[in-house]
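Novice: coords please:
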Amino acid sequence: MSNSRRSFLKKSGLTGMGLTAGMFAAFASDEDALDQIKEQAQRNPAPIFNMSGYAAPKLEKVRLGVVGVGNRGFDAVARMSKIEGVEIKALCDLRPERLKLAKDLVTPLGHKPDLYHTDPEAWKKLCERKDLDLIYILTPWALHTPIAVFSMEHNKHVCVEVPAGKSLEELWSLVLTSERTQKHCMMVENCCYDFFEMTTLNMARQGFFGDIIHCEGSYIHNLTEYMFSKEHFYQMWELKEAFQRKGNLYPTHGLGPLCQVMNINRGDAMDFLVSVSSNDFVLGPMAKSLASKDSFYKPFEGKSYNGNMNTSTIKTKKGKTLMVQFDVSSPRPYTRIQLVSGTKAVALKYPEPGRYATSHEWMTENEVKELEEKYKPAIVKKIGEVAKQVGGHGGMDFFMDWRTIDCLRNGLPLDQDVYDAALWSSISPLSVWSVANQSTSIKVPDFTRGHWKSNSPVDISLSKGGTTGVLV
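Specialist: Below is the predicted model of the structure:
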């Protein structure tokens with residue numbers, strides 16, 4: 001184990017807890033590792049502090065630092081600048097030109113951010129500042145956990161893009177650091193705030209579906225044009241991710257909202273997972289074709305890329321099932337599926353518009369409109385039109401940011417906690433192991449260490465809070 005890794009584990013509280021051996025073994029390909037992996041996945045060290053339902057002290061003003069001002073980072077800065085009670089004080093990116101664009105955008109709104117750039121570790125200087133409350137992390141995946149852990153160690157709450165970490169080792173470090181520092185670590189899973197997803201969550205809370213038996217989600221989105229673009233993903237980082245591991249590399253968009261509907265971590269828990277992947281029939285040939293015309297693509301030729309389609313099936317402690325798919329290279333229409341199937345009713349978002357049924361036939365368009373109006377969440381009634389106006393994937397990004405700031409300012413628990421971040425992200429390394437071992441089942445770690453039995457279900461509502469204004 002390298003000295004840098006030992007240092008990271010020591011700071012994150014992993015060493016001395018009997019966790020590290022199993023985490024490293026989870027990436028071994030030999031069959032002898034299976035028993036050890038399952039044993040480690042079931043290991044239950046005593047929680048330091050239960051972060052589920054935790055409400056941090058109120059913040060009259062949320063002083064914000066943003067790390068990563070590329071595509072999604074720039075949009076996040078724009079959204080945050082429109083929320084009352086936010087002061088954007090610091091921005092960080094390797095590219096000074098990106099920072100200038102962001103600063104020019106927010107300066108007329110009264111924000112005067114300091115800029116950190118060029119040095120690959122400039123983010124540390126930002127996170128060390130004592131005048132920040134929240135660090136928003138929108139970097140390539142490999143930096144998510146290191147920056148999040150460092151930020152919490154320096155007394156900051158964290159919002160981190162998906163996935164929150166790439167390995168079980170990293171995800172446990174997020175959990176243990178959040179518990180020890182009592183700082184929020186929220187993975188900003190924006191799909192939990194889509195209109196359909198919030199409506200079905202409200203319907204589930206009111207018993208519309210009865211007992212939920214099975215759910216299906218996905219991230220099926222043809223990204224080949226972006227992955228091979230020289231400009232879109234800085235330094236081609238996402239294409240590099242595609243040949244480093246084979247499995248469901250991006251599970252949380254379809255998974256997160258369904259976990260909330262099914263009360264995962266809050267009344268039920270994942271038990272085990274089975275994952276299978278197809279071969280790659282697109283990325284490798286595309287890399288070869290492009291390399292024959294442009295030497296820039298030569299380093300990407302001849303790689304063993306992740307398969308086109310990964311399907312992972314999960315069973316919960318209470319005997320319910322979840323199916324999650326991942327495909328970013330097939331010529332298919334975009335879908336997250338979002339199927340919620342219960343004993344009384346079913347809902348299906350894609351293909352849009354969303355549909356509902358309480359028998360063997362889908363409801364009519366008028367019946368759906370009446371149903372969605374009846375179960376429209378209070379948060380949608382309050383800022384739904386504003387969210388659509390500000391935008392961000394149809395408004396769900398703004399919903400997410402506004403709700404997070406409102407909770408921090410009112411001293412309320414966040415809708416997503418560190419256990420959600422860790423669990424939803426863990427599907428990636430678990431699926432990678434399962435695929436590498438002929439789709440053998442693998443136990444899913446219980447990051448709550450038994451607290452899922454008593455944690456309260458999440459309820460995205462305005463029963464409390466809802467006082468933060470919108471500056472548009």
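Novice: What values do phi and psi take at the nearest residue to residue 92 once chain neighbours are set aside?
Specialist: Spatial nearest neighbour of residue 92, chain neighbours left out: residue 116 (4.0 Å); criterion: C-beta to C-beta, 6 or more residues apart in numbering. For every residue, glycine as well, the C-beta is placed using N, CA and C. The phi/psi pair for residue 116 (degrees, to the nearest 10) reads phi -130, psi 120.
Novice: which residues touch residue 116?
Specialist: Taking C-beta atoms under 8 Å, 6 or more residues apart in numbering, we find residue 116 in contact with 90-93, 99, 122-123, 125-126.
Novice: Give me the secondary structure label for the spatially most central residue of the chain.
Specialist: Centrality entry for the chain: nearest residue to the mean C-alpha point is residue 162, 3.5 Å, by C-alpha atoms, centre = their mean. Counting by DSSP: H, G, I helix; E, B strand; the rest coil, the backbone at residue 162 sits in coil.
Novice: The stretch 351-472 of the chain: helices as residue ranges?
Specialist: Under the criterion DSSP state H, counting those that start in this stretch, helices of the stretch 351-472 of the chain are mapped to 365-374, 378-390, 396-410, 418-436.
Novice: what about the stretch 101-250 of the chain, any weak spots by pLDDT?
Specialist: Residues of the stretch 101-250 of the chain meeting the criterion pLDDT under 70: none.
Novice: The residue nearest to the residue nearest to the centre of the chain when sequence neighbours are not counted - how many residues pack around it?
Specialist: Counting by C-beta to C-beta, 6+ apart, residue 162 lies nearest to residue 252, which is 4.6 Å off, once chain neighbours are set aside. Using other C-beta atoms under 10 Å, residue 252 has 30 other residues around it.
Novice: thought residue 252 was touching residue 187?
Specialist: Yes - with contacts counted by C-beta atoms under 8 Å, residue 252 reaches residue 187, the gap being 6.9 Å.
Novice: For the two, list the residues in contact with both.
Specialist: 162-163, 424-425.
Novice: Identify, from the residues you listed, the entry nearest to residue 348.
Specialist: Using C-beta to C-beta, residue 424 comes nearest to residue 348 of the shared contacts of residue 252 and residue 187, at 21.1 Å.
Novice: pLDDT score for the residue lying closest to that closest one once chain neighbours are set aside?
Specialist: Distances taken as C-beta to C-beta, 6+ apart place residue 252 nearest to residue 424, at 4.4 Å, with adjacent residues excluded. We have a pLDDT of 98 for residue 252.
Novice: Same check on residue 3?
Specialist: pLDDT, residue 3: 48.
Novice: What of residue 42?
Specialist: Looking at residue 42, its pLDDT reads 48.
Novice: just checking, residue 260 is part of a helix?
Specialist: Yes - counting by three-state DSSP, residue 260 is part of a helix.
Novice: For residue 290, see how far away the residue nearest to residue 162 is.
Specialist: Distance, residue 252 to residue 290, by C-beta to C-beta, to the nearest Å: 30 Å.
Novice: Ok, residue 378 next?
Specialist: Taken as C-beta to C-beta, the spacing of residue 378 relative to residue 290 amounts to 50 Å.
Novice: Residue 75 now?
Specialist: Distance from residue 75 to residue 290, by C-beta to C-beta: 28 Å.
Novice: hmm, back to that, quick one: contacts for the residue nearest to residue 424?
Specialist: Contacts for residue 252 (C-beta under 8 Å, 6+ apart) come out as 162-163, 187, 189, 191, 424-425, 427.
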